[in-house]
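Participant: any chance you can model this:
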Amino acid sequence: MELLAVEAAGRGMRVLAAEEAGPDAGPVAGPVHWYGGPLAGARLAERLGFALLEPADDWLAELPEEFTRRDVRAATLADAWALDRPTFVKPPRDKSFPADVYADGSRLPAGLDPATPVLLSEVVTFAAEYRLFLLDGRIATASRYAVFGRLDPRPLGPDPAAAELAEFVARLVAVAGPTLPSAVVLDVGQLLDPYRPGHRWAVVEANMAWFSHAYAADPARVLDVVLRAAGPREHVRPQDLRFVRHPEYPDCPGQ
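Facilitator: Numbers count the residues shown, from 1 in each chain. Model (predicted):
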């Protein structure tokens, strides 16, 4: 976040913490953009006039298997509590509980709304994972962020996998581009194949650009994506209107 704040200040933008833009802080002059958590963002969006773009909760589950390379389905926390086998479980957007492999449903946290949306995925191993900031279906900037599940950020530039990754994303955008906001984060990984040497590319997940760590990506290009993903409501493009998070219902995507 600090690198993005420095980049924004260098462009002549005023950078404020969320508490500095609260109702007791008075009006904020000029167009407002957001980079931060979904609950605070949804709380401030209506008053400050910005719109938050995000992929649909079930986007990954609806993606063709050629891009996921594993079984993924959209469900509720009540469904997850009934699991009787190891499954990767995550909230699609918020951080209401840790995304992880759970041995069965009894290991998941209790006390949450049973209707909480979740994604359920078969357990797989990613050799390396990459974060891509997409703008209008093109990679604006990217970074490796993990190797075998361990945090290991590195700029994409010198990575020998960069060309393969770009080709995979081009195929994905050709098929599923309209199902994503024009500014979004896509996590993609090298999925190990248990039946043959090497790996296959697969989508890990899609995320909100305004709530995604930049890792080792170029802060200037990350900011370009964030400004589109969380900017003035009147600047939202018609094709992005269905991806706007509804301010009155912060846990539900706009329709």
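Participant: surely residue 93 meets residue 54?
Facilitator: Yes. The pair residue 93 / residue 54 is scored as a contact, 6.3 Å apart, by CB atoms under 8 Å. No exception for glycine: its C-beta is placed from N, CA and C like everyone else's.
Participant: please save the CA atoms from stretch 131-150 in CSV.
Facilitator: The C-alpha coordinates for stretch 131-150 follow below in CSV (Å, rounded to 0.1, in the frame of the first residue of the first chain):
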residue,chain,number,x,y,z
ARG,A,131,-0.5,-12.2,-9.7
LEU,A,132,-1.6,-10.4,-12.8
PHE,A,133,-3.1,-7.0,-12.9
LEU,A,134,-5.4,-6.9,-15.9
LEU,A,135,-6.6,-3.7,-17.7
ASP,A,136,-9.0,-4.1,-20.6
GLY,A,137,-8.1,-7.8,-20.9
ARG,A,138,-4.3,-7.2,-21.1
ILE,A,139,-1.6,-7.8,-18.5
ALA,A,140,-0.7,-4.3,-17.2
THR,A,141,1.9,-5.7,-14.7
ALA,A,142,2.5,-9.0,-12.9
SER,A,143,4.5,-10.7,-10.1
ARG,A,144,5.2,-14.2,-8.9
TYR,A,145,4.0,-14.4,-5.4
ALA,A,146,4.4,-18.0,-4.2
VAL,A,147,6.3,-21.2,-4.8
PHE,A,148,4.8,-24.4,-3.5
GLY,A,149,2.5,-22.4,-1.3
ARG,A,150,5.3,-20.3,0.3
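Participant: who touches it?
Facilitator: For stretch 131-150, the external contacting residues (CB atoms under 8 Å, 6 or more residues apart in numbering) are 125-130, 151-156, 159, 162, 165-166, 169, 173, 177, 180, 182-188, 209, 212-218, 221-222, 224-225, 228.
Participant: now do the buried residues in it.
Facilitator: Within stretch 131-150, the residues that count as buried by 16 or more other CB atoms under 10 Å are 131-135, 137, 139-146.
Participant: which two among the residues you listed are spaced furthest apart?
Facilitator: Greatest spatial distance in the buried residues of stretch 131-150: 137 and 146, 24.3 Å, computed using CB to CB.
Participant: for the residue most central in space within the chain, give its distance to residue 58.
Facilitator: In the chain, the C-alpha nearest the mean C-alpha coordinate belongs to residue 207, at 0.9 Å (CA atoms, centre = their mean). Per CB to CB, to the nearest Å, residue 207 is found 14 Å from residue 58.
Participant: that older thread, check contacts around the residue nearest to the centre of the chain.
Facilitator: 55, 93, 184-187.
Participant: which one (most neighbours) among those?
Facilitator: Within the contacts of residue 207, residue 185 tops the neighbour count with 28 neighbours, counted by other CB atoms under 10 Å.
Participant: that residue against residue 209, yeah?
Facilitator: Yes. Assessed by CB under 8 Å, residue 185 is found in contact with residue 209 at 5.0 Å.
Participant: strands of this protein, start to end?
Facilitator: Using DSSP state E, the strands found in the chain span residues 50-52, 72-76, 87-90, 100-102, 117-121, 126-135, 138-147, 150-155, 183-192, 199-207, 230-232.
Participant: what pairs with the second one, parallel or antiparallel?
Facilitator: Read it as strand 72-76. Sheet pairing of strand 72-76 (DSSP bridges) gives strand 117-121 (antiparallel).
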